[in-house]
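Visitor: generate a structure from the sequence data that follows.
(3 chains)
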Amino acid sequence: MFKKADNNALWAIGLSLVLFFIGGIITTVVPPLVDTSWSKPFENHDPAKGVTGKLVPLNEQQKKGRAIYVREGCWYCHTQQIRTLLADTKRYGWRGVDAPISTPDEFVYDDPHMFGTKRTGPDLARVGGKYDTQWHRTHFRNPRDLVKGSIMPAYPWIVNNPEEFNALVAYLQNLGRSKDWRPANDYEK
Amino acid sequence: MPATDYTYPSVYFAYLFFFLSFLLAVYFFIRSRKDGYWEDKGEDVKFQVFQDDDNTRRTP
Amino acid sequence: MQPQFSKAEAANAPTGAIIHDDATAKWFLVSSVAYFFIVGIIAVIIAAKFVWPDLMGTMSWLTYGRLRPLHVNGMLFGWLLAADMGLAYYVIPRLCGVKLWSEKLGLATAALWNVIILGAVVTLLAGLNQGWEYAELPWYLDILVVVAWIMFGINIFMTVANRKYQAMYVTIWYIMGCILWTAFVYLTGNFATLFTTGTNQANLNWMYVHNAVGLIFTPIGLAIAYYFIPRASSTPLHSHKLSMVGFWSLAFVYVWTGAHHMLHGPISQWLQTISIAFSLMLLIPVWAVVYNLFATMKGQWHQLRESVPLKFLMSGVVFYLLTCFQGPMHSLRTVNAIVSKTDWIPGHAHMAVLGCFSFFAIAGTYYAVPRIWNKALHSDSLANWSYWMLMIGGLGFFTTLWLGGFWQGWQWNNVSIPFIDTVIALKPIWIVRFVSGLMMFTGIVLFAYNILATALGNPEEAAV
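Guide: Modelled structure (predicted):
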């Protein structure tokens, strides 16, 4: 067997592919089949079972905003996941309410996914409804006007294009809202 | 038995996996003896790196 | 592209002598070195943007979000993978004792590769970003990458099929493994993701991202180390048997670990646990390889003083050991809760891709280029300078980012510290990162200049 893999290229190729596919299939094809929460949109109307809410697909404007978020590479510095860590739920909560942990069923319509790997800026999974449109306008024009010490780039070409700006804000305001986690503490109310 | 960190199915999977890995390691060791990897000529392949010197002259 | 032998010399060569053409290797190496330099400029700009966020900030195509994918893709595919492919075109024919199967096909591959990289520059700066890390390139460029990879694979496999020696040296397995695994990993990350959404897509994406390093750059990088360390030190490899342990355990273990990018995140716990267990098992292939390469140098370490390729190679092995110790450790849930998503991650990623695999590729280039062009290296002292610049700059970069990462992680875990204060606290780290980035860039410039001056220089300048 060893000798064959050593002397016969086809054997070596075959064996290395077989070994690769064992792990490859178990970790990519099997998980979505086993864990159905990956593909079932979040819906809960019973407060006894935890936070309520319903995941609905984005509307056209929000989709447009999402495309801008992808295009500008926002996701390189902002993650979109409240992890199962106390620090995450506390830090990204709002006015005393802890942010609910992100679950796979909240992201069923996400394409491309925007989970991200790096938090140069804060997490945005629950940013929806925290800041109003004027705040975002000022912040995108120059983040340092609002947050001293911020290293986020300025995006004047988005602010100066009302269509793009409104779309992007519409997308941001929808983030994390499928779980109705702070009904009484919204800036809009 | 109450559920603890040590009774998750994945833990038993890990035990099974380590056991299988151990069996495979033993099997491959015996197999490598059979295939002659522990004999005098078992390490000849590594000298192939230098074969090129014998049949190629780059510098005139 | 002229053969370096006069007719009389060729006639006098020993019977059966092979005169390698190396045209493909030449084109791949020269273009990759050029991209190393060009993308290096972008790297320095990105590092500067962390310190001066308003730098060049009013042009959409020069913002961080546009330059970062260009930096990542340019370095991974423009420099590193192209250099690795060039070295494979150099190594495989020599190890097989035959000429490359088709130089014409090889040259076509090199041309296509350059088209892809130039396409990547245009599309990424225009913001045509698919939104997946390492897979930012639009689908039409992805298809070209697949075509180029098939052309590369055919050429290498046909050369291996025609080989003169029956037994295959470890370098050949690694390059064959790399070609096959890459094919499937790349298809998963760039095409299978098109048909999925959400967590499922993220899982495929991380499988690709992790294995882009683990099953593309690791095998081809180790293939280069396994060939050039014995060659550059004229010392046979320590053990053929041990190299088999390293290769076959790598083939089995690596692919399972993708989900460790989502630890604590919205993905099944059992999948996280599997990825952690297999991340720890990565220590097996890594230590098998590292021991083998260190043991090869036993009693030969003094050679490092004289040889720049060996300096790069052995430092690369040390960085490989460190990277692959960090990897399993920060995939543990407790460590991950501190370092995940912090600046530790770029520190770790740069040590793998720059400290280890780029060092291997640089060493291979330093070793192969003078032999391909049959000229002495333009300047040994510049080569030494390039090593020390990259080494010291790299160390400054890695260590400050690790420290900064831990610092940042601890601050994040203390929720009484506002987020912006954790950003301001990292400013000194980013200044050091920029300065070390400048040093590394100097090293790249010296390396690129030295290689191009060797390639373009007068043959009469050959001193040896």
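Visitor: I figured C:Leu446 hits C:Leu382, correct?
Guide: Yes. Assessed by CB atoms under 8 Å, C:Leu446 is found in contact with C:Leu382 at 5.2 Å. The way it works is simple: take the backbone N, C-alpha and C, and place the C-beta from them, glycine included.
Visitor: so between the two, which is more surrounded?
Guide: C:Leu446 (21 against 17; other CB atoms under 10 Å in any protein chain shown).
Visitor: let's verify that one: helix, strand, or coil?
Guide: helix (DSSP: H, G, I helix; E, B strand; the rest coil).
Visitor: what about it, distance to chain B?
Guide: Using CB to the nearest CB, to the nearest Å, C:Leu446 is found at 25 Å from chain B.
Visitor: name the element the residue nearest the centre of chain A belongs to?
Guide: Chain A has A:Gln80 as the residue nearest its centroid, 3.2 Å off, counting by CA atoms, centre = their mean. If you go by DSSP states H and E, A:Gln80 is not part of any helix or strand.
Visitor: list the contacts of it.
Guide: Counting by CB atoms under 8 Å, 6 or more residues apart in numbering or on different chains, A:Gln80 touches A:102, A:114-116, A:123-125, A:175.
Visitor: give me the buried subset of those residues.
Guide: A:102, A:114-116, A:123-125, A:175 (16 or more other CB atoms under 10 Å in any protein chain shown).
Visitor: let me know the closest of the residues you listed to C:Ser249.
Guide: A:Phe115 (29.7 Å; CB to CB).
Visitor: next, the closest one: secondary structure please.
Guide: Taking three-state DSSP, the label given to A:Phe115 is coil.
Visitor: can you pull the residues of chain B lying near chain A?
Guide: B:28, B:31-32, B:35-37, B:45 (CB under 8 Å from any CB of the partner chain).
Visitor: and if we set it to 10 Å?
Guide: B:27-28, B:31-32, B:34-37, B:45 (CB under 10 Å from any CB of the partner chain).
Visitor: remind me which residues of chain C are low pLDDT?
Guide: C:1-17, C:459-464 (pLDDT under 70).
Visitor: the biggest helix by length in it packs against which elements?
Guide: Ordering each helix of chain C by length in residues (DSSP state H) puts helix C:380-413 first. For helix C:380-413, the elements it packs on are helix A:86-91, helix C:308-330, helix C:333-339, helix C:344-350, helix C:359-373, helix C:419-425, helix C:427-456, judged by 3 or more CB pairs under 10 Å, 6 or more residues apart in numbering or on different chains; DSSP states H and E.
Visitor: can you tell if the first one touches chain C?
Guide: Spelled out, it's helix A:86-91. Yes. Against chain C, helix A:86-91 shows contacts by CB under 10 Å from any CB at A:86-91.
Visitor: ramachandran coordinates for C:Thr196?
Guide: phi -130, psi 170 (degrees, to the nearest 10).
Visitor: wait, what's in contact with it?
Guide: Contact analysis of C:Thr196 by CB atoms under 10 Å, 6 or more residues apart in numbering or on different chains lists A:28, A:32, A:38-39, A:111-113, C:202-205.
Visitor: among those, who's most crowded?
Guide: Going by other CB under 10 Å, C:Ala202 tops these with 31 neighbours.
Visitor: distance of A:Ser37 from chain C?
Guide: Distance from A:Ser37 to chain C, by CB to the nearest CB: 8 Å.
Visitor: ditto for B:Asp40
Guide: For B:Asp40, the distance to chain C - CB to the nearest CB - is 13 Å.
Visitor: so for the longest helix of chain C, what gets flagged as buried?
Guide: Buried, per 16+ other CB under 10 Å, within helix C:380-413: C:382-383, C:385-387, C:389-391, C:393-398, C:400-402, C:404-409, C:411-413.
Visitor: in chain B, what residue is nearest chain A?
Guide: B:Asp35 (4.3 Å; CB to the nearest CB).
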